[in-house]
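[1] I'll drop the sequence and a predicted model, then ask my questions.
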Amino acid sequence: MNRPERRNSLSERMIEALQSALDQASSNPAVRVVILAAKGPAFCAGHDLKEVLAHRADADAGKAYFTWLMNSCSRMMQSITACPKPVIAEVHGVATAAGCQLVASCDLALAAETAQFATPGVNIGLFCSTPMIPLSRNVAPKHAMEMLLTGDMISANDAARIGLINRVTAPDDLTRETRDLASRIASKSMATIGLGKAAFYQQRILPLAEAYAYGSHIMVENMGFSDAGEGIGAFVAKRPARWTDS
């Protein structure tokens, strides 16, 4: 994200640009892992409130525009989950409201010690109802509720403690550690990674018995992959696997 003068807020153009980038990454076989990073002092300050405020003067008080905006943003956030490639957030600064939602929506997240996180909508009379969705799916309910009800900023260390991010790094190490993590994932079979990522999110919404039935079905499907045969053979032969992503 490269809109530092507006703290990388999710303007209409930013949402459209992120959607386009995610769509391209999803369909491009050369892309194996996606890193979501930002320029400037902030990671993402949420929605562009100047754009939001301007549409309150519309004839319908902005209802049609707000509906379009929320639908567009929700589609983009869900595209992160739907992307068959793992998406890693590289968070160097403040991530608030829909910016915190972006972090929570990513499969993995690393943050610098300087990063901070908040869902501060209640401070301006606007509950963070859409950031609440991925937040509540990543952290325990009481931690999520405290963030949503108080709007307080939390540190990177606290974000790691409650499960919002994976780990904290020194600011100078953030990019290197993020790319190291991405490289380790990119070295695996992309067919297996894509199947596994989709299965992870699907099984979470199923009751236990249904989740096991679904997981067993996925294992059987995965065992039929060429890469599964190659990987097992390589392990037995004590040699590196040669993936074909199939």
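    That came through fine.
[2] shouldn't residue 191 be in contact with residue 225?
    Yes. Contact criterion C-beta atoms under 8 Å: residue 191 and residue 225 qualify, at 5.5 Å. All C-beta atoms are positioned from the backbone trio N, CA, C, and that covers glycine.
[3] Common neighbours of the two, please.
    Residues touching both residue 191 and residue 225 (C-beta atoms under 8 Å, 6 or more residues apart in numbering): residue 246.
[4] what sits against residue 245?
    By C-beta under 8 Å, 6+ apart, the contact set of residue 245 is 29, 189, 190, 191, 227.
[5] Kindly indicate which of these lies nearest residue 177.
    Nearest to residue 177 among the contacts of residue 245: residue 190, at 22.0 Å, using C-beta to C-beta.
[6] List the buried residues in whichever helix in the chain runs longest.
    As assigned by DSSP state H, the longest helix anywhere in the chain is helix 63-82. Going by neighbour count (16 or more other C-beta atoms under 10 Å), the buried part of helix 63-82 is 65, 66, 69, 73, 76, 77, 79, 80, 81.
[7] what does stretch 126-138 give?
    In terms of neighbour count (16+ other C-beta under 10 Å), stretch 126-138 has its buried residues at 128, 130, 131, 132, 134, 135, 136, 138.
[8] Give me the nearest residue to the fourth one, chain neighbours excluded.
    Yep, that's residue 132 we're talking about. residue 148 (5.7 Å; C-beta to C-beta, 6 or more residues apart in numbering).
[9] And the strands in this protein, which stretches?
    Counting by DSSP state E, the segments of the chain that form strands are 34-36, 42-44, 87-91, 94-96, 108-112, 116-118, 154-155, 167-169.
[10] Find the nearest non-adjacent residue to the spatially most central residue of the chain, please.
    For the chain, residue 106 is the residue whose C-alpha lies nearest the centre (C-alpha atoms, centre = their mean; 1.3 Å). Of all residues not flanking residue 106 in the chain, residue 89 sits nearest, at 4.1 Å (C-beta to C-beta, 6+ apart).
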